[in-house]
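**Q** Quick check, what structure comes out for this input:
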Amino acid sequence: MKINGTTMNIDVDGDQITCNIDATLEIDRDLPDTSCKDDLGWATHLQGQGSWSVSGSARVDFTSTMGYQELVAKLIARTAITALDFLSSDTGGLKASGAASITSLSFAAPNEDSATFDFSFTGNGAVAITVVP
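**A** Got it, this is the predicted structure:
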């Protein structure tokens, strides 16, 4: 099943980020080097720690339930996100969920254009990948 990117949303503790423009889910694995002379010039590694993050941008809407104002308040208060969901609104689509922290927020207000903000979250523990029921 192909997924239209427009169907992908980000929910923070049950509230969808309003007027989201784009979003990225990144899942990584550290690969500690185990190379030695016996490997004949080839790199070897261990499967190290995993990590994940979600980032994106949205239009600023001060009437939203989950927008810049709500996220910056959580960041300043050091509020942990207990349920970050990167999910498709389509049945059968992708859902990535887990606990996270807000890593950064930036606000852009260009001349004669709509104001936007960029956000990033870093996962705290494992990410669960499931299919939207």
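**Q** what sits against Leu94?
**A** Ile3, Met8, Phe86, Leu87, Ser88, Ile129, Val131, Val132 (C-beta atoms under 8 Å, 6 or more residues apart in numbering). Bear in mind the C-beta positions are built from the backbone N, C-alpha and C, glycine included.
**Q** tell me the pLDDT at it?
**A** We note a pLDDT of 89 for Leu94 in this prediction.
**Q** Likewise for the one 10 residues further on?
**A** At Ser104 the predicted local distance difference test score is 97.
**Q** same deal with the one 5 residues further on?
**A** Confidence at Ala109, expressed as pLDDT, is 95.
**Q** neighbours around it, how many?
**A** Ala109: 10 surrounding residues under other C-beta atoms under 10 Å.
**Q** before we move on, the earlier item: keep only those of the contacts of Leu94 that are in helices.
**A** Members of those lying in helices (criterion: DSSP state H): none.
**Q** what about the helices in this structure?
**A** Using DSSP H, the helices assigned to the chain run over residues 68-76.
**Q** Poorly predicted segments of it, please.
**A** Along the chain, the model assigns pLDDT under 70 to residues 1.
**Q** Show the contacting residues for whatever residue is furthest in space from the centre of it.
**A** Centroid-distance maximum for the chain: Asp38 at 40.3 Å, with C-alpha atoms, centre = their mean. Listed by C-beta under 8 Å, 6+ apart, the contact set of Asp38 is empty.
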